[in-house]
Each structure stands twice: as structure tokens, then as C-alpha cells.
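S.K.: Please work out how this folds:
(chains A, B, C and D)
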There are 2 protein chains.
Amino acid sequence: MVRMSAEERRESVIRAAVTEFARTGYKGTSTEAIARRVGVSQPYLFRLFPTKEAIFLAAAHRCLEETGKVFAKAVECAPPRGVLQAMAAAYDHLITEDPEKLQMQMQIYVAVASAEAAGDHEFGRTIRAAWLELWDGAHLALGGDVKETTRFLAKGMLINTLMSLGFPPDHRVWSGF
Amino acid sequence: MVRMSAEERRESVIRAAVTEFARTGYKGTSTEAIARRVGVSQPYLFRLFPTKEAIFLAAAHRCLEETGKVFAKAVECAPPRGVLQAMAAAYDHLITEDPEKLQMQMQIYVAVASAEAAGDHEFGRTIRAAWLELWDGAHLALGGDVKETTRFLAKGMLINTLMSLGFPPDHRVWSGF
DNA sequence: GCAGTAAGTTATTGGTCACTTACTTTGTTG
DNA sequence: CAACAAAGTAAGTGACCAATAACTTACTGC
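M.R.: Residues are numbered from 1 along each chain as shown, chains lettered A, B, ... in the order given. Presented below is the predicted three-dimensional model:
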């Protein structure tokens, strides 16, 4: 048995949580499933995080943060004229290498909506702030062009949708990209 | 107490199910909540539908079908040159008048992903077929222009996302539309 | 008006799940 | 090496939930 510091364990819990929540959503994921993936007993999760919701929030935040980093890095390494292409390529990379992150994003969106409908506005506020950083990052990278930012993110969201629905890569719904 | 035919009850169950599932998702919605909204006892749902999943499937199908009809009607009444604007206006109408339907669509997407991850491919197949009708409808209305179809649906998906996240209408993320 | 059928209910059951309590194990330090 | 803290577990608890079983109520045709 490998023993870790609480901080390291929290880190692996977050990673496991992203995977599990991405696949089965907030309500559909049991803390048991997360614990199993971490390789730790289920009650121990509640010493590392106060509630299941806190785990989800941490996972959600991490996911948006890392997605932002992927774009930031793509932009950084791109020639000034090829920013849009670089970001599109980054999205492509996410689809093939890290579909988990895109799935998690979808789960975040509906989780916020549910929380909002249930009267919990704090959760939504946190997520909106994190998402805005994504938006602002794209906006800045695209030279402050709002229309282009919207177009870019819109395409991303359609990609998320088609991914969720499980359309195979050679399907005609993908042909307009 | 109002008595209805089974067919009429099924109809009201579907409507209630769309509302409830839209708000709290598949796992987050109890059959009890649906029954309460219909005004009927919870076990009676299982005389009208075999399982909870069947209720969700019926609600999902209905939602996609009606969304398709909204677009079809908008296209029908539009001048030949103004099809795109008419469809955009139809989306606008959905946002303000029927956000429930957009929320339900998000719930459908993640539900398909979860089913797919759990090894159930039948559910996804059904939903993909229904969604393809939406795609083909837009594609046909836009004169077979694949790029434009993609752009249109992409914007729609970003709208769904921003709605789910609960960004107020005057927020800058809406300014690029 | 009564027999049959379709609409609807109450009570229950087996299972799952977030979270708690109380305990054990392992590393560290004076 | 002893004592203390930090990592971790086993065994529950109460709440909720999909689905079933068994029963009751109202309409309808003869």
C-alpha cells in the first residue's frame, strides 16, 4: 500500500473525479466509484473533501483550467497570423487525445443548470467565472474580435455536442468543419 | 379527480417529464417528481411506461421533434432569401419562450454519452437518428450548404451552453451573436 | 343493473448512496 | 523507543428511489 500526503491524495482524487464525472455526470457518479479509481476507501474521500459537491467543484475547476492552458499554450507557440488555426488544432487535439475533458465540460454545463434551478447560485457563479477566463483567453488571442471569438467557441460547443452524441468521425455531421 | 385515457395520460407524462428532466437530468429526476407534476401516483407511471428510461426516451424524442417543428415552421413562413434569419429568430424564440427545450437538449446529450459509456448503444442510436433529422432539416433549409449548416448549429450549441451556465442576457458573452 | 375492463391507488421491497463514527496502521520526532 | 500525528479502514445509518404486488374505483356495453 502506497501512502501519500493528504495534498497528493487530493490531487489524485481530483483526477479520478474528472474521469468518473465526465462519464456518468454528477448524480450518476458514486463517491464509491471515485474512491475505487483512486485506490482508497470511500469514507476517506470525506476527510479530503467536505462533500461530494466539493469534489465535483474541484474537478470542474481543474478541467476548465487545464482546457484554458491547452489553448494558451497553442496560442503561445503559434505565429501571429495563425492563432485561429492553432486554437482549432488544439481543439482537435482535445477531441482525439482527451475526450474526457470535453465530456466533463458538458457535465459541468448541465450541473450548473441543475444547481441554478435548485436555487444554488454560488456554484454557477464560480463556474461562470472560470468559463469567462476561457472566453477572455480566446477573445484576447483572437485580437479582441468578438464575432470571431463567438464563432470559435460556437464551433467548439458543436464539437462537444457531436462528441457526446457519439457520431463517428467519418459521419457527415463532421463534414462542415 | 379527473380521469383520462391511458393515451392522454401518457401524453401528460411526457410533457411533465420534459420539464423535470430538463431541470434535473436523468439521474437527478425521480419518477416521484414526474408523477407529482402529472398529478398521479408514482407507481401508475409504470403502467404507462415500462421503465424510467422509456419515459426519458419518449421525452427526449418529443423534445427533438418539437424543436425540429419550430424550425420547419420558421422556414416555411420565411422568404426564400431570409431562411437563415428566420431560423435564427426561431432559436431566439426558443431561448426566451421555451428555455426548457434547450435545457432538455443538453440533458439528452450527456445522457447519451453516459449510456454510451455504460455500453448501451441502442439509446444513442435512437437519439442520433432524431438529431440527424434536425441536422438534415437545417441542411435542406439552408440550400444544402454544409458549412453554413455547421455554423448555424454551432451557434445554437453555444447558445445552449451560455443558457445552461446562466449568463444574463446583457452579459458580454452574448455580444457576438 | 350488472359484468367486465380500464384507470388509478396504497403499501412494500430490495438496492443504492452520501456521509458518520469509531477504530487501526504507519511514519516521524524529541 | 515512546508518543504523537497523520493516513487510512470497517462497519454502519438514514434517506431516497425504481419497480412490484395487491387492491379499489369508475366507466361502458349488453
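
S.K.: Run through the residues that contact residue A:110.
M.R.: Residues in contact with residue A:110 (C-beta atoms under 8 Å, 6 or more residues apart in numbering or on different chains) are A:25, B:25, B:103, B:106-107, B:110, B:164. C-betas here are computed from N, CA, C, even on glycine.

S.K.: Quick check: buried residues in the helix or strand of chain A with the lowest mean pLDDT?
M.R.: Every helix and strand in chain A was compared by mean pLDDT, DSSP states H and E; the lowest is helix A:83-97, with a mean of 92. Using 16 or more other C-beta atoms under 10 Å in any protein chain shown as the test for burial, helix A:83-97 gives A:83-84, A:86-88, A:90-91, A:94-95.

S.K.: Report the mean per-residue pLDDT for the longest helix seen in chain A.
M.R.: Scanning chain A for the longest helix, with DSSP state H as the assignment, gives helix A:52-76. Averaging pLDDT along helix A:52-76 gives 96.

S.K.: Run the chain-centre distance for that helix.
M.R.: 6 Å (C-alpha atoms, centre = their mean, to the nearest Å).

S.K.: For stretch A:153-162, list the C-alpha coordinates in PDB.
M.R.: Output in PDB follows, covering the C-alpha atoms of stretch A:153-162 (Å, rounded to 0.1, in the frame of the first residue of the first chain):
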ATOM      1  CA  LEU A 153     -16.400  28.900 -29.200                       C
ATOM      2  CA  ALA A 154     -19.600  28.000 -31.000                       C
ATOM      3  CA  LYS A 155     -17.800  25.500 -33.200                       C
ATOM      4  CA  GLY A 156     -16.200  24.100 -30.000                       C
ATOM      5  CA  MET A 157     -19.600  23.600 -28.500                       C
ATOM      6  CA  LEU A 158     -20.900  21.900 -31.500                       C
ATOM      7  CA  ILE A 159     -17.900  19.600 -31.400                       C
ATOM      8  CA  ASN A 160     -18.700  18.800 -27.700                       C
ATOM      9  CA  THR A 161     -22.300  18.000 -28.700                       C
ATOM     10  CA  LEU A 162     -21.400  15.700 -31.600                       C
END
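
S.K.: So stretch A:9-26, near DNA strand D or not?
M.R.: Yes: judged by C-beta under 7 Å from any atom of the strand, stretch A:9-26 comes into contact with DNA strand D at residue A:9.

S.K.: hmm, who's touching that stretch?
M.R.: With contact meaning C-beta under 8 Å, 6+ apart, stretch A:9-26 is reached by A:4, A:29, A:33-34, A:37-38, A:40, A:44-45, A:48-49, A:52, A:55-56, A:58-60, A:62-63, A:100-101, A:103-104, A:107, A:110-111, A:114, B:25, B:27-28, B:110, B:113-114, B:117-118.

S.K.: With stretch A:134-142 instead?
M.R.: Contacts of stretch A:134-142 (C-beta under 8 Å, 6+ apart): A:64, A:67-68, A:71-72, A:75, A:83-84, A:87, A:145-146, A:148-149, A:152-153, B:173.

S.K.: Spell out which helix or strand contains the closest residue to residue A:177 other than its chain neighbours, please.
M.R.: In space, and not counting its chain neighbours, residue A:177 is closest to residue B:150: 6.3 Å by C-beta to C-beta, 6 or more residues apart in numbering or on different chains. Using DSSP states H and E, residue B:150 sits in helix B:146-165.

S.K.: what does chain A put close to DNA strand C?
M.R.: A:1, A:3, A:29-32, A:42-43, A:46, A:51-53.

S.K.: most neighbours, which of these?
M.R.: Counting neighbours by other C-beta atoms under 10 Å in any protein chain shown, the top entry in those is residue A:29, with 23 neighbours.

S.K.: Need the pLDDT of that residue.
M.R.: So residue A:29 comes in at 98 (pLDDT).

S.K.: For it, what are phi and psi?
M.R.: phi -100, psi 130 (degrees, to the nearest 10).

S.K.: quick one: contacts for it?
M.R.: Applying C-beta under 8 Å, 6+ apart, the residues near residue A:29 are A:17, A:20-21, A:23.

S.K.: where in chain A is pLDDT low?
M.R.: A:1 (pLDDT under 70).

S.K.: rerun at 80
M.R.: Chain A contains residues with pLDDT under 80 at A:1-2.

S.K.: for the least confident helix or strand of chain A, packing partners?
M.R.: If you count contacts as 3 or more C-beta pairs under 8 Å, 6 or more residues apart in numbering or on different chains; DSSP states H and E, helix A:83-97 packs onto helix A:52-76, helix A:99-117, helix A:121-141, helix A:146-165.

S.K.: could you give the angle of it to helix A:146-165?
M.R.: Relative orientation of helix A:83-97 versus helix A:146-165 (axes from the mean of the first three to the mean of the last three C-alpha atoms, to 10 degrees): 10 degrees.

S.K.: coming back round to it: by neighbour count, which of the contacts of residue A:29 wins?
M.R.: Ranked by neighbour count (other C-beta under 10 Å), the contacts of residue A:29 have residue A:17 at the top, with 28 neighbours.

S.K.: Check the gap between that residue and DNA strand C for me.
M.R.: Residue A:17 sits 11 Å away from DNA strand C, going by C-beta to the nearest atom of the strand, to the nearest Å.

S.K.: ok, for that residue, nearest residue in space, not its chain neighbours?
M.R.: residue A:59 (3.9 Å).

S.K.: got it, and residue A:38?
M.R.: In this structure, residue A:38 finds its nearest non-sequential neighbour in residue A:16, 4.7 Å apart by C-beta to C-beta, 6+ apart.
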